[in-house]
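Visitor: From the sequence below, what's the structure:
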Amino acid sequence: MKNVIIAIVVILSSGICLSAQNETNAAADSIYASNHHQAMEKIAAANVPSAIFYLKECIKMRPEEASLYYELARMYDRLQDGTQAVYYARKAYNLSPSNLWWEEYLLSISLQYKKYEEAEEVMKKRYERDDAFLDELLELYVINEHWNDVLLTLEEREKMTPLTSREFHCMMEAYMKKGDYKTIIKKSNDYMRTHPDDTDVARYKLLSMHSMGKVDKAWKEFEEYYSAHPSDGRAAYTMMSRYNELQDYNSIVSISEVVAADTTMSTKSRIKVMELIYPIIAKDTAYRAPYEKALNALAISAVDGYMDAYRFIGDYYFAQQNMPQAFKYFRTALHSGQADEEMMQKLLYIESLNEDYEAIYTDTQLMIASGLNNADVYVQLGLAAYEKGLVGEAIAAIEKAASMTESISMERYGQLMSMLGTLYKDAGNDDKSDEYFERALSIIPDDASTLNNYAYYLALRKKDLDRALMMSGRAIMKERDNTSFLDTYAYILHLRGKNLEALQVMKKIYEIESEPSVEVMEHYRDILDACGKKDEAQQVQKQIDNTKNTNPPTEKLDE
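Guide: Alright, predicted model coming up:
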């Protein structure tokens, strides 16, 4: 009876323990579920620090749950913490190596943060499953400089199937890194029996023979290869190093066209070769013609990177002071989308020299849209808009330039205020015009153009003539032979009734300038008439009529 009682007690006690354990597990599950819920909510709300906290709390309770490490990796990725992101992605993958999603994420995050050792380990697993991933694995071996792995992998593969061209090149590179020149020569000879047009392999052989001291023999064989492949740009480029050793610059320049025209090379690579040749051209102008022929071949053949090609060719012609050709290539590059700031500045300089306001008007807007945001561009846009009669656009552009200049150069700012004075006068806003001229004179009180222009505009309105005459006189003191300034002075004298003095000033203008503008002739006519010289005034009128018939009047904005 005693044993029965003991057995009953044991059974009851066991039930109590199981119940307690179940209650503990239920409590733990509840805490885990709460933490997991919080983690998911924080992830959805992009509250990364809190999400990390709750995920780590979940991991403490269920360290075998791969998805938690995956989510944690994603959170660290949001923080741009590559080390932690890759670490937790690796944890997720290790817990569930058959899960292709974890594998893909670990690979992508490793590549994203340049953790190439990690990426290589993943790619090895992929290659074990499917040899279609060989190229990607080899690429990682090369990045990590695991040359022994390259050779072991490719030598094993070579036993089963012929290597592709890319695989063979990778093997040659590995042998080069290992300094195994004899093997390279042997394998190159075998390979080129069935692949006689492989320039890369021919170059590996050349370099190997050269490294073994067989210099002349190496170059003799490569010259024979180039003779059989005269349009091969990479072979031609290789020969350039030989010609450079021999100081045979004529041959270097003559084969530059081969390199420039070879579209199997990237445009960037071909430009680099043409840059290397340029010092030869700079030393001897006799090489310009063949070099320019090569540049033309580059321009015609450039597909990828053609904008860079046009910019480079434009730079060459700009350095040679061949502005028409520089303009042609720079403008083509700009209109193709090239946004190089130095190039745009050079193009604008050429257009300004040529006073090509149509081109300036179009191109400055493209330059601004491309990110060239400086005062000079807006000034040129303003000048071009003014020449096209778009005074409102001109004002907006010059005001933008002024706002960018005020904190940099007060003198330049004052000049722009003066320009705005002229623009607002042409827009018919005399009050604004006076305001800007007054601001200009407060900054650059002795600027001759500002003094002259303001004086003339006051004279046109017959306003404050004494001050206008004073300002005009100060401008002439700065530039005594400036016929435009002298004309302003004579015109103001005429308005003040001092016609004989005005006539003397006009005669000085005619001594300086044999063919003055229509505006000057009209002032001269009026002054002659006021002095009673009617016949002479009529003769001047005839000159005015003839000039107007042959040359329609134009007006320019002084910068």
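Visitor: For the stretch 1-150 of the chain, which segments count as helices?
Guide: Using DSSP state H, counting those that start in this stretch, the helices of the stretch 1-150 of the chain run over 2-44, 48-61, 66-78, 82-95, 100-112, 116-129, 134-143, 147-160.
Visitor: Please render those helices as TSV that adds mean neighbour count and mean pLDDT to the earlier fields.
Guide: For the C-beta atoms, the positions are set from N, CA and C on the backbone; glycine is no exception. Shown next, in TSV, are the helices of the stretch 1-150 of the chain (neighbours: other C-beta atoms under 10 Å; pLDDT from 0 to 100):
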stretch	mean neighbour count	mean pLDDT
helix 2-44	12	69
helix 48-61	18	94
helix 66-78	21	95
helix 82-95	20	95
helix 100-112	18	94
helix 116-129	18	95
helix 134-143	19	96
helix 147-160	15	95
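Visitor: Please produce a markdown table containing the ones you listed, extended by distance to P445.
Guide: As requested, the helices of the stretch 1-150 of the chain are exported to a markdown table (distance: least, C-beta to C-beta, whole Å):
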| stretch | distance to P445 |
| --- | --- |
| helix 2-44 | 66 |
| helix 48-61 | 61 |
| helix 66-78 | 60 |
| helix 82-95 | 61 |
| helix 100-112 | 62 |
| helix 116-129 | 67 |
| helix 134-143 | 66 |
| helix 147-160 | 74 |
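Visitor: closest to R203 out of those helices?
Guide: Minimum separation from R203 across the helices of the stretch 1-150 of the chain (C-beta to C-beta) falls at helix 134-143, 17.4 Å.
Visitor: looking at this structure, which helix or strand is least sure?
Guide: The weakest-scoring helix or strand in the chain, judged by mean pLDDT, DSSP states H and E, is helix 2-44 (a mean of 69).
Visitor: Do a quick rundown of the strands in this structure.
Guide: Using DSSP state E, the chain contains no strands.
Visitor: Let me know the distance separating the residue lying closest to H169 once chain neighbours are set aside from K463.
Guide: Computed as C-beta to C-beta, 6 or more residues apart in numbering, the closest residue to H169 that is not its neighbour in sequence is D200, at 5.5 Å. Separation of D200 from K463 (C-beta to C-beta, to the nearest Å): 81 Å.
Visitor: For those two, work out which one has more neighbours and name it.
Guide: The residue with more neighbours, out of D200 and K463 and counting by other C-beta atoms under 10 Å, is D200; that gives 16 against 12.
Visitor: ok, so what distance separates that one from K498?
Guide: As judged by C-beta to C-beta, D200 and K498 stand 87 Å apart.
Visitor: Likewise for S301?
Guide: Distance from S301 to K498, by C-beta to C-beta: 71 Å.
Visitor: what's near enough to touch D262?
Guide: Each residue near D262 by C-beta atoms under 8 Å, 6 or more residues apart in numbering is listed here: 231-234, 236, 270, 301.
Visitor: rerun at 6 Å
Guide: G233 (C-beta atoms under 6 Å, 6 or more residues apart in numbering).
Visitor: I figured E387 hits Y357, correct?
Guide: Yes. Taking contacts as C-beta atoms under 6 Å, E387 lies within contact range of Y357: 4.1 Å.
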